[in-house]
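Trainee: no sequence for this one, just the structure:
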C-alpha cells in the first residue's frame, strides 16, 4: 500500500480537482479508469491514492513516482494524453510536484488506506517565504500532535516554490473538530499569517493503487 515518510525515496505529485458535488463520483470513476488502464503501467509509477472531500467539492490524487524524470516522461507521452481525454470534461486541476520536508512523529510512517480520514491544508506562498513557512511548520506541528486523534502530519513543499501542503491523518472527524474548537490549538490557525494563504478540506481515501494489503 502507499506510504508517506520524510525518508521515502520517491517524488510526490498532488493533483487537486475542483468539482461540482453532483459530479464528484463521476470524476472519481474517470480518474480510476485512467489509472487502471494507463497510469499504473507507466515506467516509474509507484502509487496513486484517490481522495474525495467530505464537502463534495474536491477530488485529490496523491501520486508517487520513482523520479522526476519518470513523471515528466509520463505527462509528455502523447498516448497517455490521448487516454486521458475524458478528464477534459472536468475543470483543469491544480498540480505540483512536492518533497516531504517534515514528517511527525519521528517514527511515523503513514500508510494510506481506503477509508482513512485526511486533513489536507494547502498553503499558497511566495517562493522567498517558502522555507520560512517550513521552519514554522516544523516548530508548530507539536501543538497539533497534542491531540491524540492526529496520527501523523506530513508537510510537503512544492519544487516550484509556491505551495506547501500538510497531509494530516486523523482517527475521527470528532478529533479534528476538537482541534478547531479548543483554544490551546489556536496557534495552528495563526503561524502562517502574513506568509501564505491557507485553504483546507477533509478527505476520505476512496481508492489506492497498489491496493490495500
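Mentor: Arrived safely, thanks for sending. All of these numbers come straight from a predicted model, not from anything done at the bench.

Trainee: going forward, measure contacts and count neighbours with C-alpha atoms only.
Mentor: Noted.

Trainee: packing partners for the longest strand along the chain?
Mentor: Across the chain, the strand with the greatest residue count (assigned by DSSP state E) is strand 196-209. Judged by 3 or more CA pairs under 8 Å, 6 or more residues apart in numbering; DSSP states H and E, the packing partners of strand 196-209 are strand 45-53, strand 117-125.

Trainee: need those strands in a markdown table with distance to residue 183 and mean pLDDT, can you?
Mentor: Written out in a markdown table, the entries for the helices and strands packed on strand 196-209 read as follows (distance: least, CA to CA, whole Å; pLDDT from 0 to 100):
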| stretch | distance to residue 183 | mean pLDDT |
| --- | --- | --- |
| strand 45-53 | 26 | 97 |
| strand 117-125 | 19 | 95 |
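
Trainee: please identify the deepest-packed of the ones you listed.
Mentor: Mean neighbour count, computed with mean count of other CA atoms under 10 Å, is highest for strand 45-53 among the helices and strands packed on strand 196-209, reaching a mean of 23.

Trainee: which other residues reach that strand?
Mentor: Outside of strand 45-53, the residues within contact range by CA atoms under 8 Å, 6 or more residues apart in numbering are 1-2, 24, 28, 39-40, 58-66, 70-71, 112, 201-210.

Trainee: bridging residues for residue 97?
Mentor: Beta-bridge partners of residue 97, counted by DSSP bridges, are residue 13.

Trainee: follow-up on the earlier one: export the helices and strands packed on strand 196-209 as a markdown table, with columns for distance to residue 160.
Mentor: A markdown table is the format used below for the helices and strands packed on strand 196-209 (distance: least, CA to CA, whole Å):
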| stretch | distance to residue 160 |
| --- | --- |
| strand 45-53 | 21 |
| strand 117-125 | 11 |
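
Trainee: can you select the buried ones among the contacts of strand 45-53 for me in ChimeraX?
Mentor: Those of the contacts of strand 45-53 that count as buried under 16 or more other CA atoms under 10 Å are selected in ChimeraX with:
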select :1,2,24,28,39,40,58,59,60,61,62,63,64,65,66,71,112,201,202,203,204,205,207,208,209
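
Trainee: give me the below-cutoff pLDDT ranges for this structure.
Mentor: Low-confidence segments of the chain, defined by pLDDT under 70, are located at 107-109, 212-213.

Trainee: run the last query once more with 90
Mentor: Scanning the chain for pLDDT under 90 picks out the ranges 1-9, 104-111, 142-148, 173, 175-192, 211-213.

Trainee: which residues in it form strands?
Mentor: Under the criterion DSSP E, the chain carries strands at the ranges 3-4, 11-18, 45-53, 58-65, 94-104, 110-111, 117-125, 150-158, 163-170, 196-209.
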